[in-house]
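Q: Sequence first, then the predicted structure:
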Amino acid sequence: MRSEWRAPLLLTLAWRNLWRHTRRTLMILFAFALGVWSMIVIAAITRGSMEQQLDKSILNLTGHIQIHLAAFRDDPVIEHRFLPPPALSAALAGADVMTWVPRVRVPAVIASERESAGVTLVGIEPERERGLSFIPGAVTEGRYLEAPDDPGMLLGRKLAERLETGLGRRVVLMSQDVNNRVADRGFRVVGVFDTQPRQMEEAYVFIGRATAQQMLKLDDNITEVALMTTDRDHLEELLARLLVAVPALDVQPWTVLEPLLVLTRKITDVVLIIWYAIVFAAMSFGLINTLLMAVFERTREFGLFQSLGMRPAHILGQVLVESLILLALALAAGNLLAAATVYALRDGIDLTSVAEGMELVGVAPIIYPAWSAGDLAAANLLVFVLGLAASLYPAWRAARHVPVEAITRV
Amino acid sequence: MIMEHTVICRHVSKVYRQESVAVQALTDINLEIPKKDFACLSGPSGSGKSTLLNLIGGLDRPTGGEITVDGQRVDQLGKSELAALRLHKIGFVFQAYNLIPVLTAIENVEFVMQLQGMAAAERAVKAREILHEVGLDGLEYRRPGELSGGQQQRVAVARAIVSEPSLVLADEPTANLDSKTAENLMQLLAHMNQEHGVTFIFSTHDKLVMDFSRRLITLHDGSIVNDVRRE
């Protein structure tokens, strides 16, 4: 006597019931699609902004991974230099490393004819810094360094203003060499760079790597290797390889070097989840209300179903399938709308009119929305699963009618 | 010869509670409906006709007594078992037609067979045959809103008997029909009774239905006051 429920009838009934009140169904569909759209688009903009901020911070001399002598991070001085072992070059030759660069980074004092300031001297290989740090694209006056032994210096605009110096002028750089003696050398300012945050302009001066080594008597020693990988979010394999290749060195990913960025990312995730929850809460009231109205209007019909032999579980399934179709349509529409919006904003959202204030807090003046599979999946899954859960109450109400009461109800 | 009964009621009673007041709808009903019977429950409004029909059909539960349909104790079945009994053994025809508004005539007729798990091709053939038999050729794909009251009631009859149940319960089936349509419907039901051997129990005020019935059971204030067989 067991009855077999056949999906086509369930779907037919659900689909046609949905369109019994076309206007109502369209309104709830629109509301839901709007909710899904807002979830995805806001997530894309927030994620885009956050990822831009992260990428920019990584370009601010951090890279995806940095390698130092163990004590360097706590005390970044010339004593904590190292000679790159051959095994390091071999380990960095993998396809997962896009580019890497050796640097000399030590504290120094810079002096002009009028002022002096404490800075961080960074000795770079100019060409290899492309794609790894901000400096190759930041020179707005003069020229970029041409070779590791370039005798010139790059100075930040803010520091140049403070030292009352500028392009073509000479400055003196002082630091400590490997013999603990004062090393000083005059440099001509060959380029002035502008960057954000502007504190970077005051904090760093750039010279050629070989020039720095010569000035500080480092020979081939360096203090830092920075590298860029193909995927900054999956560094485990490369880190393991580097730890094996250079066990005596301190190999750290950007997540350790820049804990604030990791925290920002986590906060973004939490903010998005809260946003999803708020939007979904508003949507779920609409869904429950619509389904409850539909169930109330069809009390007689559910009584009829029962009198014809439909089991309560099937009636529950009937309402859930209606909800499922509604959710699927709303998700499809919401996703399509969101895709169209993100496509339309592919050239970025220009916020230059308020850029100065935003840049102070690390937000780029042009925000490029970024799709994230995780955000998309979270929004869709949340709406789908919680939507079905919210439908359980109306469905349960429909299934628990006593047939005779339902069938005799006017 | 031992007579087989489709329905047996023993000391059936039903009390409705309306707030704190108890209303005795049925009192000590004892009734046997043999197979292939064409019986009619009559009586004034509030006499308990529809209540008794609903109890026999498992749409409601008795307060006391036993009800057996086709050998199964209806009063002892759970919700799912009752649903299965209604699905396989009982057909219903209601006063207000009660068709599923979003399904066409043929889909309404196929509905029960689909619940029973019958193959699509088989149920389509059976649905067409029964719609032909009730005179609805050409109207298979109309929805209830596009059919007249008489046509809707014919669809309801077709749905009730298409899966060949043991028992059809018809609650005031002619109440919303004009006299000509009502007579046609009763002729159809009598034909079904004779051709398909289905047991019919009606509840009605309508003299026409009583005239068609072979057995007239009269209720008053929840009790059977008369039970006459007319061969």
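A: That came through, no problem. Source: prediction; values computed, not measured.

Q: So what touches stretch A:51-62?
A: Residues outside stretch A:51-62 that contact it (C-beta atoms under 8 Å, 6 or more residues apart in numbering or on different chains) are A:64, A:105, A:122, A:132-134, A:195-196, A:200, A:204, A:226, A:232, A:254, A:257-258, A:261, A:264-265, A:362-364, A:367-368, A:370. Using the backbone N, CA and C atoms, a C-beta is placed for each residue, glycine as well.

Q: Now do the helices in the stretch 51-200 of chain A.
A: A:86-91, A:157-163, A:199-203 (DSSP state H, counting those that start in this stretch).

Q: Flag every residue of chain B that's near chain A.
A: Residues of chain B found near chain A (C-beta under 8 Å from any C-beta of the partner chain) are B:50, B:54, B:57, B:59-60, B:79-81, B:83-88, B:92, B:94, B:98, B:100-103, B:107, B:111-112, B:114-117, B:159.

Q: In ChimeraX, how would I select the buried members of those residues?
A: Restricted to buried positions by 16 or more other C-beta atoms under 10 Å in any protein chain shown, the ChimeraX selection for these reads:
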select /B:50,54,57,59,60,79,81,83,84,85,86,87,88,92,94,98,100,102,103,107,111,112,114,115,116,159
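
Q: Can you give me the buried ones in stretch B:61-75?
A: Neighbour-count burial for stretch B:61-75, counted by 16+ other C-beta under 10 Å, picks out B:61-63, B:65, B:67-70, B:72, B:74-75.

Q: Give me the phi and psi for the residue in the stretch 101-250 of chain A positioned nearest to chain B.
A: Proximity of the stretch 101-250 of chain A to chain B (C-beta to the nearest C-beta) peaks at A:D233, 49.7 Å away. Per-residue torsions, A:D233: phi -90, psi 0 (degrees, to the nearest 10).

Q: most centrally placed residue in the chain?
A: Just going to use chain A. Closest residue to the average C-alpha location of chain A: A:E51 at 3.0 Å, with C-alpha atoms, centre = their mean.

Q: sorry, should have said chain B
A: What sits nearest the mean C-alpha location of chain B, by C-alpha atoms, centre = their mean, is B:L169, with 1.3 Å.

Q: Helix, strand, or coil at that one?
A: Assigned with DSSP: H, G, I helix; E, B strand; the rest coil, B:L169 falls in the strand class.

Q: Give the full set of residues in contact with it.
A: Applying C-beta under 8 Å, 6+ apart, we find B:L169 in contact with B:53, B:56-57, B:90-93, B:201.

Q: and which of those residues is nearest to chain A?
A: For the contacts of B:L169, the residue nearest chain A by C-beta to the nearest C-beta is B:F92; the value is 5.2 Å.

Q: residues touching the closest one, list them.
A: B:F92 sits next to A:307-308, B:57, B:86, B:98, B:160, B:168-171 when contact means C-beta under 8 Å, 6+ apart.

Q: That one should be in a strand, yeah?
A: Yes. Checked against three-state DSSP, B:F92 lies within a strand.

Q: Just give me the neighbour total for residue 191.
A: Chain wasn't specified; assuming chain A. By other C-beta atoms under 10 Å in any protein chain shown, 19 other residues sit near A:G191.

Q: um, chain B though
A: 12.

Q: Run through the strands of the stretch 201-350 of chain A in chain order.
A: Using DSSP state E, counting those that start in this stretch, the strands of the stretch 201-350 of chain A run over A:204-208, A:224-229, A:249-253, A:349-350.

Q: Tabulate the ones you listed (JSON lines), appending mean neighbour count, mean pLDDT and distance to B:V228.
A: Listed next are the strands of the stretch 201-350 of chain A as JSON lines, based on neighbours: other C-beta atoms under 10 Å in any protein chain shown; pLDDT from 0 to 100; distance: least, C-beta to C-beta, whole Å:
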{"stretch": "strand A:204-208", "mean neighbour count": "25", "mean pLDDT": "97", "distance to B:V228": "111"}
{"stretch": "strand A:224-229", "mean neighbour count": "22", "mean pLDDT": "96", "distance to B:V228": "96"}
{"stretch": "strand A:249-253", "mean neighbour count": "19", "mean pLDDT": "95", "distance to B:V228": "95"}
{"stretch": "strand A:349-350", "mean neighbour count": "12", "mean pLDDT": "84", "distance to B:V228": "87"}
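
Q: how about a markdown table for those, with distance to A:A31 added?
A: Output for those, formatted as a markdown table (distance: least, C-beta to C-beta, whole Å):
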| stretch | distance to A:A31 |
| --- | --- |
| strand A:204-208 | 52 |
| strand A:224-229 | 43 |
| strand A:249-253 | 43 |
| strand A:349-350 | 25 |
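
Q: Can you say which of the ones you listed is nearest to A:A339?
A: A:A339 sits nearest to strand A:349-350 of all those, at 16.4 Å, using C-beta to C-beta.

Q: residues contacting B:E140?
A: So B:E140 contacts B:104-106, B:127-128, B:131 (C-beta under 8 Å, 6+ apart).

Q: ok, which pair from the residues you listed is furthest apart?
A: The distance between the two most remote of the contacts of B:E140 (C-beta to C-beta) is 12.2 Å, for B:T104 and B:R128.

Q: Of the two, which one has the most company?
A: Legend: neighbour count by other C-beta under 10 Å for B:T104 and B:R128, higher for B:T104 (20 against 16).

Q: Give me the pLDDT value at that one.
A: Model confidence at B:T104, given as pLDDT, is 93.

Q: With B:T6 instead?
A: Looking at B:T6, the pLDDT reads 87.

Q: tell me which element it is part of?
A: Per DSSP states H and E, B:T6 falls inside strand B:5-18.

Q: Tell me if I'm right that A:L159 and A:Q199 touch.
A: No. Look at A:L159 against A:Q199 with C-beta atoms under 8 Å: they stay out of range, at 10.2 Å.

Q: neighbour count winner among those two?
A: A:L159 (25 against 11).

Q: quick one: contacts for that one?
A: If you count contacts by C-beta under 8 Å, 6+ apart, then A:L159 has A:110, A:117, A:119, A:201-202, A:205 around it.

Q: Quick check: it vs A:T211, distance?
A: Per C-beta to C-beta, to the nearest Å, A:L159 is found 19 Å from A:T211.

Q: residues near A:E164, how many?
A: Residue crowding around A:E164 was assessed by other C-beta under 10 Å; the count is 11.

Q: What of the one 3 residues further on?
A: Neighbourhood size, A:L167 [other C-beta under 10 Å]: 14.

Q: Setting aside sequence neighbours, what's the nearest residue to it?
A: Nearest non-adjacent residue to A:L167, counting by C-beta to C-beta, 6 or more residues apart in numbering or on different chains: A:G142, 4.6 Å away.

Q: Name the nearest residue to whatever residue of chain A ends up closest to chain B, ignoring sequence neighbours.
A: Nearest residue of chain A to chain B: A:G309, at 2.4 Å (C-beta to the nearest C-beta). Excluding the flanking residues, the one nearest A:G309 by C-beta to C-beta, 6+ apart is B:L87, at 2.4 Å.

Q: does the one you found sit in a helix, a strand or a coil?
A: Using three-state DSSP, the secondary structure recorded for B:L87 is helix.
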